[in-house]
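Engineer: how would this look folded up:
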Amino acid sequence: MKTFVLSLGLLLAGICAHAQGFLKRSGTQIVNGNGAPVILRGIGLGGWMLQEGYMLKIYREGQQYRIRERIEALVGPARTAEFYDRWLANHTTAEDILVLKKWGFNSVRLPMHFNLYTLPAEKEPVKGQDTWLHKGFAMTDSLLAWCKANQMYLILDLHAAPGGQGNDLNISDRDPSKPSLWESPENQRKTVALWRKLAERYKNEPWIGAYDIINEPNWGFTDPAGDRNGTKEKHNAPLRQLMMEITAAIREADSKHIVIIEGNGWGNNYNGVFPPWDSNMVLSYHKYWNFNDPSSIKHMLEAREKYNIPVWVGETGENSNVWFTEAIRLLENHGIGWAWWPLKKIGINNPLEIVAPEGYAKILRYWADSAAPRPDAEEAWTALKNLAEATNIRRNVPHRDVVDAMLRQPADPSAKPFKHIRPAPSMEIAADLYDLGANGFAYYDTDTANYRVSDPKRTGGNRGGASRNDGVDIARDSAGAYITQVESGEWTQYTMPFPANKPVRLWLTARGGEKGGKVSLWVDGKPLLASVSVPAGANWTDVLLGTIKLPGGAHSLRVHADEGGFEWRWLKWKQPAVK
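Structural biologist: Numbers count the residues shown, from 1 in each chain. Next up, the predicted model:
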């Protein structure tokens, strides 16, 4: 019976896929086979096929080939190969795609490393010929099967092209001692051949959403020394020429799929790239660390209207929840889909967090400073093996606040309980369990997001770097999470049920630092208990807020900083004993 049900489910999924048809361009919109507009809400699988150093807390020479060299120096070539096999097997699985679907995403962007599909040009046994590798195609086939089963579109993105497509070395795993994509006709030929091969393989797959043919070119063609990343390039002739050649190779095999192009300067400089040369094409822009106002996407909207072509923001993210909500609301209000970056890494500002295992910090210290103690081979292998296993979704920490900020809050900023709290006669509510919701609804913080591209002075978010990705500054020590760097006027809200008309006494476990501060309690959006002082000092102390009595049912408590400067860890509650 299980076999029959599974087979029926796969059959129905296939029927639905073909009924919905291929995505395609229709004027300025992406539509499905029925002609219905589709707003792509996606996630990029950064770090899977291609590691970028910052995702692993490696900030010097973070190209994957350099990371691999360092691992090999610690544990040898055989264990290094095993590490990467474990990494690829664990990082992205069928369960990841199932969870993405349940959360509400409808697409996945796959950042591909060419070296999983074909040999580097300098390693080919016969110059000008291509050796095709099973690994990359098999991984892509598996991912496509998982996407099909969940009716999600898969967008293929060549993230690391042969030779590397820019001077931002990490994003394409580029070795600057070798010819880049732009300096080698053979690397360009191999790039075209790879796309022809992919198009031949996937030409009849409707759940392949599009081909994103070169990720974030960043190269100064006219002024290589003064404009290394191509942000000021006026012509971009080599970029246009190569993308046209890739498109022609794809169309030799596949006339059905969308071709996505990206401008120079990390996907935003389209000087000389226009006009579009294919009738089923989409423009991709990337958006990071700037304001979320109409002027920040003006160039996208102008290009869309001028060339009657859809726009997609193929990469964005790496900021606070406030920025995420703002950006998605802005883009969707203008009919623009998006793919967030990334699904997971070490860090809190993504839907899934990879938790670094014990021993990994020692490896990082050694790699950052050769004078630091060198891990021996066995302890290094244990830490690296555990790191590969830690990438698996079953060991990741899910960040509900990030997902909520992306998929609910753009339309509904209201506060929702982060965790169902069952009142007990005596209890402690952790500071970081404040409600889910937008700034001003579930919490209020004065320094909420990183806007450094638009204004170098305006950077912010969770400066404590722990627990959640809102504006609230949360740090962590051995005793748990606590809210730090509290400024005057800031607050966090906790929605919970109360016993009917029974007195409840409340304390705050806090410390005042150098100057101390003042805190009050608000209930249902209004001040209820008068401001009390948090004494200066380095020790945690229980500060009595007062006693309240409320009608039965759910109420919101706000811990309100009347004067900032303190930190706090617990909101404590106790019902006095009945005599």
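Engineer: Verify the stated contact: residue 44 with residue 342.
Structural biologist: Yes. Between residue 44 and residue 342 a contact is recorded at 5.3 Å, counting by CB atoms under 8 Å. C-beta: built from backbone N, CA, C; applies to glycine.
Engineer: Name the residues that touch whatever helix or strand residue 518 lives in?
Structural biologist: Applying DSSP states H and E as the criterion places residue 518 in strand 517-523. Identification of contacts with strand 517-523 by CB atoms under 8 Å, 6 or more residues apart in numbering yields 486, 491, 506, 508, 510, 527-534, 543, 545-546, 548, 550, 555-566, 568.
Engineer: same thing but 7 Å
Structural biologist: The list of residues contacting strand 517-523 from outside it, by CB atoms under 7 Å, 6 or more residues apart in numbering, reads 486, 506, 508, 527-534, 543, 545-546, 548, 550, 555-566.
Engineer: CA atoms only for that strand, dumped as PDB, please.
Structural biologist: Output of strand 517-523 as PDB, limited to C-alpha atoms (Å, rounded to 0.1, in the frame of the first residue of the first chain):
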ATOM      1  CA  GLY A 517      19.000  52.800  34.300                       C
ATOM      2  CA  LYS A 518      15.300  52.800  34.800                       C
ATOM      3  CA  VAL A 519      12.600  50.300  33.700                       C
ATOM      4  CA  SER A 520       8.800  50.200  33.800                       C
ATOM      5  CA  LEU A 521       6.200  47.600  32.900                       C
ATOM      6  CA  TRP A 522       3.500  48.300  30.300                       C
ATOM      7  CA  VAL A 523       0.500  46.100  29.900                       C
END
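Engineer: Would you give the sheet partners of the first helix or strand past that strand going along the chain, along with the direction of each?
Structural biologist: Moving toward the C-terminus from strand 517-523, the first helix or strand encountered (DSSP H and E) is strand 526-534. Applying DSSP bridges to the sheet, strand 526-534 is found paired with strand 517-523 (antiparallel).
Engineer: Give the buried residues for the partner strand.
Structural biologist: Buried residues in strand 517-523, defined by neighbour count with 16 or more other CB atoms under 10 Å: 517-522.
Engineer: next one: it to chain centre, how far?
Structural biologist: Centroid separation for strand 517-523 versus its chain: 35 Å, with CA atoms, centre = their mean, to the nearest Å.
Engineer: How about stretch 74-84?
Structural biologist: 28 Å.
Engineer: Now do the buried residues in it.
Structural biologist: 74-75, 79-80, 82-83.
Engineer: for stretch 283-296, same thing?
Structural biologist: Buried, per 16+ other CB under 10 Å, within stretch 283-296: 283-292, 296.
Engineer: okay, the residues you listed in a markdown table with pLDDT next?
Structural biologist: Listed next are the buried residues of stretch 283-296 as a markdown table, based on pLDDT from 0 to 100:
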| residue | pLDDT |
| --- | --- |
| 283 | 98 |
| 284 | 98 |
| 285 | 98 |
| 286 | 98 |
| 287 | 98 |
| 288 | 98 |
| 289 | 97 |
| 290 | 98 |
| 291 | 98 |
| 292 | 98 |
| 296 | 98 |
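Engineer: Return the closest of those with respect to residue 440.
Structural biologist: Nearest to residue 440 among these is residue 292, at 15.5 Å by CB to CB.
Engineer: Checking my notes, the closest one in a helix, right?
Structural biologist: No. Residue 292 is assigned coil when assessed by DSSP: H, G, I helix; E, B strand; the rest coil, not a helix.
Engineer: my read: it touches residue 327, true?
Structural biologist: Yes. Residue 292 lies in contact with residue 327 (CB atoms under 7 Å); the separation is 4.9 Å.
Engineer: which residues in the protein form helices?
Structural biologist: With DSSP state H, the ranges of helices along the chain come out as 2-20, 64-75, 77-91, 94-103, 134-149, 169-172, 185-202, 237-253, 264-267, 298-307, 321-333, 360-368, 377-390, 400-407.
Engineer: so what's the residue lying closest to residue 286 once chain neighbours are set aside up against?
Structural biologist: Counting by CB to CB, 6 or more residues apart in numbering, residue 286 lies nearest to residue 267, which is 3.8 Å off, once chain neighbours are set aside. Applying CB under 7 Å, 6+ apart, we find residue 267 in contact with 216, 284-286, 314-315.
Engineer: mind giving me JSON lines with the helices of the chain and columns for distance to residue 117?
Structural biologist: Below are the helices of the chain laid out as JSON lines (distance: least, CB to CB, whole Å):
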{"stretch": "helix 2-20", "distance to residue 117": "24"}
{"stretch": "helix 64-75", "distance to residue 117": "15"}
{"stretch": "helix 77-91", "distance to residue 117": "13"}
{"stretch": "helix 94-103", "distance to residue 117": "21"}
{"stretch": "helix 134-149", "distance to residue 117": "4"}
{"stretch": "helix 169-172", "distance to residue 117": "14"}
{"stretch": "helix 185-202", "distance to residue 117": "6"}
{"stretch": "helix 237-253", "distance to residue 117": "14"}
{"stretch": "helix 264-267", "distance to residue 117": "22"}
{"stretch": "helix 298-307", "distance to residue 117": "31"}
{"stretch": "helix 321-333", "distance to residue 117": "31"}
{"stretch": "helix 360-368", "distance to residue 117": "29"}
{"stretch": "helix 377-390", "distance to residue 117": "22"}
{"stretch": "helix 400-407", "distance to residue 117": "31"}
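Engineer: how close does the residue nearest to residue 286 sit to residue 149?
Structural biologist: 30 Å (CB to CB, to the nearest Å).
Engineer: cool, residue 341 as well?
Structural biologist: Distance from residue 341 to residue 149, by CB to CB: 24 Å.
Engineer: ok, the two, which is more surrounded?
Structural biologist: residue 341 (22 against 18; other CB atoms under 10 Å).
Engineer: so what's the more buried one up against?
Structural biologist: With CB under 7 Å, 6+ apart, residue 341 has these contacts: 44, 46, 315-318.
Engineer: Compare the residues you listed and tell me which is most surrounded.
Structural biologist: residue 315 (30 neighbours).
Engineer: who's in contact with that residue?
Structural biologist: Residue 315 neighbours (CB under 7 Å, 6+ apart): 44, 267, 286, 339, 341.
Engineer: Can you read off the pLDDT for it?
Structural biologist: pLDDT for residue 315: 98.
Engineer: heads up, I number from 43, so please use that
Structural biologist: Sure, I'll start numbering at 43, so the last one becomes residue 357.
Engineer: could the buried residues of strand 559-565 go into TSV alongside distance to residue 215?
Structural biologist: Converted to TSV, these look like this (distance: CB to CB, whole Å):
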residue	distance to residue 215
559	48
560	53
561	50
562	53
563	53
564	51
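Engineer: that older thread, look up how far residue 445 lies from the residue nearest to residue 328.
Structural biologist: On the measure of CB to CB, residue 309 and residue 445 end up 25 Å apart.
Engineer: any idea how far residue 71 is from the residue nearest to residue 68 when sequence neighbours are not counted?
Structural biologist: Nearest residue to residue 68, sequence neighbours excluded (CB to CB, 6+ apart): residue 77, at 6.9 Å. Distance, residue 77 to residue 71, using CB to CB: 9 Å.
Engineer: What degree of burial does the spatially closest residue to residue 224 that is not a sequence neighbour show, as a neighbour count?
Structural biologist: Leaving aside its sequence neighbours, residue 224 sits nearest to residue 261 (CB to CB, 6+ apart; 5.3 Å). Neighbouring residues of residue 261 were enumerated by other CB under 10 Å; the total is 24.
Engineer: Contacts only, for residue 261.
Structural biologist: Going by CB under 7 Å, 6+ apart, the list of residues near residue 261 reads 207-209, 224, 272, 306.
Engineer: Put the buried members of those into a ChimeraX selection.
Structural biologist: A single ChimeraX command selects the buried members of the contacts of residue 261 (16+ other CB under 10 Å):
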select :207,208,209,224,272,306
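Engineer: I'd like the contacts of residue 261 laid out as CSV, including distance to residue 179.
Structural biologist: Shown next, in CSV, are the contacts of residue 261 (distance: CB to CB, whole Å):
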residue, distance to residue 179
207, 21
208, 25
209, 30
224, 26
272, 31
306, 29
